[in-house]
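S.K.: no FASTA, just this:
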């Protein structure tokens, strides 16, 4: 197994799910290396015009920014040993589904993280995943199992 | 150029955009071969349990159906010379974005079709496309140009 | 969609499951092209020494035959749009699992066919499949759905 | 040559063959990095429901667990410089054959390890291998030869 | 050998080199299928805005058109058995060199066609080619040789 | 199975082994499509300078010719379902071994054909093959078995 | 994200754009590893004949040198996480466009750097890029953003 | 550029060409990592039967040994940044040509090293190479140039 294991945390940027996984991993002493999209929403939207100059048309403003974010995400997807994609309850999040499709086409092991209300809408994405989790702690448990083969002690609350 | 050209029409299944492209192509005499997801929403949802037996849990009912639909879409994506993905104004349509990501990772030329209101939400998908259209007739015009190198006569209304 | 669709029927060679699928497909008028291993068990075992000369050691006798059968199966796997792997209740059938692994690594859509008693033993193979069927008629139903988007009428017994 | 060499030890988890190879490699000072499936049979079976919640149906219980184990094995197979697959005399071991097929399709050098009684049943797997060994010590000898070009002194017992 | 052989004629669109190859091939009865970029310079420049609407900025006007032309050329490059790239004495022709690089990276057999004055400037492109020709008739001779193994009678003027 | 099956007959060009396979295949009614290098030794050597102009240095004369022959062989190798490489008793035949290596790296099923005196010298090439034959008739028997699953009647002389 | 990030700086060798990026990256403390073609124009032209012996014909002199430079650039392109290609205002620079095509075909994230006067001539190359910059400082800003997610403070001059 | 650069030295094992390159590289302080086949001819021939048991038939004795040597060489070829293949004046050396074909099919930069007498016989191998050298010192010069961009001072004897 590659050590550290490289984990790309794709998708939703408005809750603390990444921090919970990263902090938990550090607490457990897991050897993981994480990548993620830029989680400052404003910076992510503005990067294209800030770095490459303003645009009059919203379409091209978005195109410039999306290109820069794609540089980051494609490098991360190419490098990742495993890809986690999180869907939250706000926004369209097509980018998350797009990255899931990209990861799956590359043959990367895929973990999807979302609440059960989204199950029907995400069924095609889930069908391409090797695991579907509903909490960041479940994802952490999976990463621990993948790296060490350890399961948590048989208490009651891991579901 | 491969003749006929194989075009996968992915995404939204609730409007007549596919028919408009296919009818228009037939009228122009283009040599195109189309594939598409199953557009009967009910059949698409029920196929797993209808063909492979009922499930008590909605998650697994969806998983069974999504697996069967994935067989169809992966074959279509693997075969396609060009992939068109349509986003409409209803539903989450994560499957459309997932297929766009899959197609892009395979290096398939990608055309995205959506109304301009969706531009910001779709910016990452658009950034991976070689064309972003807002009407089925524009897609038809692109397919004609790709196959024959023809542009429409210089009238005013093609935008 | 490629028409005809190329379907590799891998695995068990001692029951009539292939015939049931092929006959059913012909009855339905599906446009499918099938490939399969040589199903004459004796020929499959003897081909190496019959064609390339006898061997004193069983290991090399088997090696010669397995090489020739591998030529056939690798061509079929490379060409297939979809791969069906059947596990029966006799023999070790490691070749079936080997071909399932090969197909999955190539990204081929995989359908596994086996009785429910084998579920636990086949869990890793099933986990790589897009569909797990228990009868040849279910596989036939899937192929019909994949090619035509049709489901059977809502009678009682296919569910 | 990559140093250390990454070796995936796939297959049977009920005997000490991995320990014999790993201990022997350490004694020889070989620079090898090993990966392996989770060898705690119970953990391997339970991981899915322990980490992601219980399932009523055995099929889905197995599916959940197999998915998690697949994350681990696919990462290991993707990283490996060489893959060793061991078949023992118990269980169906379809997972071992599945991983052998996956490894072979990826073009990974494959070593198969099994007793001679299994030769006929494993002939297709053996035909895809670059070496077929019958003891862990033979595998160790191969790994030493691959890394250092050394053969053992010409005593009598290495067969 | 695939028959017909698919030949992509990339690069310069201002002289009659394609016609000379295609007419010559027809006269010889070669079984070739050709693809090419749109050779109407104006249409090639205008296609983006004609089909997808006007742009105020020249950069985006060009981007739209280049995207559509890329759909055509990527399909052609993916399908081609052999790629011919012609460099003329006008314009920058970076697109020709770009397509040569794309073809070479895909492992497509590459023939470059240009006058000897361009040799030094094209040395890196030539170094990736399997043949460097200076006339369309030489390219035609190569295609005849590749398909039929025939050489012209030993007259003096083919250089 | 693809029908017809595409078979590349690489290697030695000074005996009638190709004719024996092709005639035998026609007699049996096999549906095979063959490719081969240009077997006119003089044409193969002269093609570069005949088609692209003379060279003073033998090295470049050979380079030009080898480039043209490589166009033909790379197309054939890319298209082939199965590759047969023949080694005779004259010349160095490094090109034959080079094509065998190319075919093996592409994952093409490989059949090697040579007399038993060459066994030791060809051991690495043979080790990458799925069959090693010593007569063209054995190769023909293999192709028949691969396409039809038929073995010859149990007479004595096929070894 | 891989750290350090590997950046290939391809193209123009006559201005100080590489130094400006490398110095700027060092000043910012970015963890980048750079590769580049040999920027000594004379050495780049002479390397083939200096290392492998003189040639009478300019074509072969260039071929020898271009081959050696291609060894360097292909290794760099294969290793790069991101590829920057600079076009200046002198020379044909077909090699730059060739490397851009190679990088794009490999799926490498591509940044193109050129003055706005070259926009029309470079439209096909730009269409394959995820970013088009006009100054080395913009490229530096992109690399900072890709590695750290940081944008410069909102002053006025970044366009 | 990857540092160190990984160089596979394939082919002839009976002269000191590898030592001359490796010693020269160390003297120059180049950062290179080398791989090579096992150069003890006897060990290379005997490894199969020594490690895996004796064989009565020479063909299978060779097959066993060639399989083990292939494990080593395939790992080395997969890892190499650049592949050097040396042809000497003894033996058939089909393995060298086989590895050259494998390396070329993988797209690895290839350097061929042989005396000028072998030019005609090796023309197809040379045609796939980016450099053809006649002395180990030339190869060393190339590796220095590739890593550092340095040429030797302009003395007379490097040809």
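M.R.: Right, received. Where do you want to start? As the structure is a prediction and not an experimental result, all values here were calculated from the model.

S.K.: So in chain A, which helix runs the longest?
M.R.: helix A:58-79 (DSSP state H).

S.K.: Next, the buried residues of it.
M.R.: Of all the residues in helix A:58-79, those buried under the rule 16 or more other C-beta atoms under 10 Å in any protein chain shown are A:59-79. C-beta coordinates here come from the backbone N, C-alpha and C atoms, glycine included.

S.K.: One more: stretch A:136-155?
M.R.: A:136-147, A:149-151.

S.K.: still on that earlier bit, now do the longest helix of chain A and helix E:58-79, the angle between them.
M.R.: If you take axes from the mean of the first three to the mean of the last three C-alpha atoms, to 10 degrees, helix A:58-79 sits at 40 degrees to helix E:58-79.

S.K.: Just after helix A:58-79, pick out the following helix or strand.
M.R.: Next in sequence after helix A:58-79, counting helices and strands by DSSP states H and E, comes strand A:82-86.

S.K.: any idea how far residue A:36 is from residue F:22?
M.R.: Distance, residue A:36 to residue F:22, using C-beta to C-beta, to the nearest Å: 60 Å.

S.K.: Kindly report the same for residue A:77.
M.R.: Using C-beta to C-beta, one gets 48 Å for the distance from residue A:77 to residue F:22.

S.K.: ok, residue A:43 - how many residues close by?
M.R.: 16 (other C-beta atoms under 10 Å in any protein chain shown).

S.K.: So is the helix or strand where it lies next to chain E?
M.R.: Using DSSP H and E, residue A:43 sits within helix A:41-52. No - using C-beta under 8 Å from any C-beta of the partner chain, helix A:41-52 stays clear of chain E, with a minimum separation of 10.8 Å.

S.K.: Name the residues of that helix that are buried.
M.R.: Buried residues in helix A:41-52, defined by neighbour count with 16+ other C-beta under 10 Å: A:43-52.

S.K.: and of those, the nearest to chain H?
M.R.: residue A:51 (27.0 Å; C-beta to the nearest C-beta).

S.K.: Next, the contact list for the closest one, please.
M.R.: When the contact criterion is C-beta atoms under 8 Å, 6 or more residues apart in numbering or on different chains, the partners of residue A:51 are A:68, G:138, G:141-142, G:145, G:151-152, G:158.

S.K.: With chain D in mind, check whether the helix or strand that contains residue A:34 reaches it.
M.R.: For residue A:34, the host element (DSSP H and E) is strand A:32-35. No - Strand A:32-35 stays clear of chain D (C-beta under 8 Å from any C-beta), getting no nearer than 12.2 Å.

S.K.: Check chain A for the residue nearest chain C and tell me.
M.R.: Among all residues of chain A, residue A:107 sits closest to chain C, at 6.8 Å; criterion: C-beta to the nearest C-beta.

S.K.: hmm, back to that, now the angle between helix A:58-79 and the helix holding residue A:43, please.
M.R.: 100 degrees.

S.K.: For the most far-flung residue of chain A relative to its centre, give me its contacts.
M.R.: Most distant residue from the mean C-alpha position of chain A: residue A:56, 31.8 Å away (C-alpha atoms, centre = their mean). Contact partners of residue A:56, counting by C-beta under 8 Å, 6+ apart, are E:56-57.

S.K.: sec struct for it, please.
M.R.: Look at residue A:56: counting by DSSP: H, G, I helix; E, B strand; the rest coil, its state is coil.

S.K.: distance of it from residue G:126?
M.R.: Taking C-beta to C-beta as the measure, residue A:56 falls 19 Å from residue G:126.

S.K.: nearest residue to the residue of chain A closest to chain C other than its sequence neighbours?
M.R.: Nearest non-adjacent residue to residue A:107, counting by C-beta to C-beta, 6 or more residues apart in numbering or on different chains: residue C:107, 6.8 Å away.

S.K.: so how many other residues sit close to that neighbour?
M.R.: By other C-beta under 10 Å, the residues close to residue C:107 number 15.

S.K.: how about the residue of chain A closest to chain C, what does it touch?
M.R.: Neighbouring residues of residue A:107 by C-beta under 8 Å, 6+ apart: C:105, C:107, D:74, D:78.

S.K.: switch the cut-off to 10 Å
M.R.: Going by C-beta atoms under 10 Å, 6 or more residues apart in numbering or on different chains, residue A:107 touches B:105, C:104-107, D:74, D:78, D:106.

S.K.: how about those residues in TSV, adding pLDDT?
M.R.: Listed next are the contacts of residue A:107 as TSV, based on pLDDT from 0 to 100:
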residue	pLDDT
B:105	98
C:104	98
C:105	98
C:106	98
C:107	97
D:74	98
D:78	98
D:106	98
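
S.K.: Nearest to chain E, out of those residues: which one, please.
M.R.: Nearest member of these to chain E, counting by C-beta to the nearest C-beta, is residue B:105, at 14.5 Å.

S.K.: gap between the closest residue to the closest one other than its chain neighbours and residue C:30?
M.R.: Leaving aside its chain neighbours, residue B:105 sits nearest to residue A:105 (3.7 Å; criterion: C-beta to C-beta, 6+ apart). Distance from residue A:105 to residue C:30, counting by C-beta to C-beta: 28 Å.

S.K.: who's more crowded, those two?
M.R.: residue A:105 (24 against 21).

S.K.: tell me which residues in stretch A:114-123 are buried?
M.R.: Burial within stretch A:114-123, assessed by neighbour count using 16+ other C-beta under 10 Å, is assigned to A:114, A:118-123.

S.K.: should've said stretch A:2-11
M.R.: The neighbour-count criterion (16+ other C-beta under 10 Å) identifies A:2, A:5-11 as the buried residues of stretch A:2-11.

S.K.: where does chain A come near chain D, residue by residue?
M.R.: When proximity is defined as C-beta under 10 Å from any C-beta of the partner chain, chain A approaches chain D at A:1-3, A:5-6, A:80-82, A:107-111, A:129-135, A:137-154, A:158-159.

S.K.: do that again at 6 Å, thanks
M.R.: With C-beta under 6 Å from any C-beta of the partner chain as the criterion, chain A meets chain D at residues A:1-2, A:81, A:109, A:130-131, A:138, A:141-142, A:145-146, A:149, A:151, A:159.

S.K.: Just the ones in helices from those residues, please.
M.R.: Of the positions in those, A:138, A:141-142, A:145-146 sit in helices, assigned by DSSP H.

S.K.: For these, work out which two are farthest apart.
M.R.: A:138 and A:146 (12.6 Å; C-beta to C-beta).
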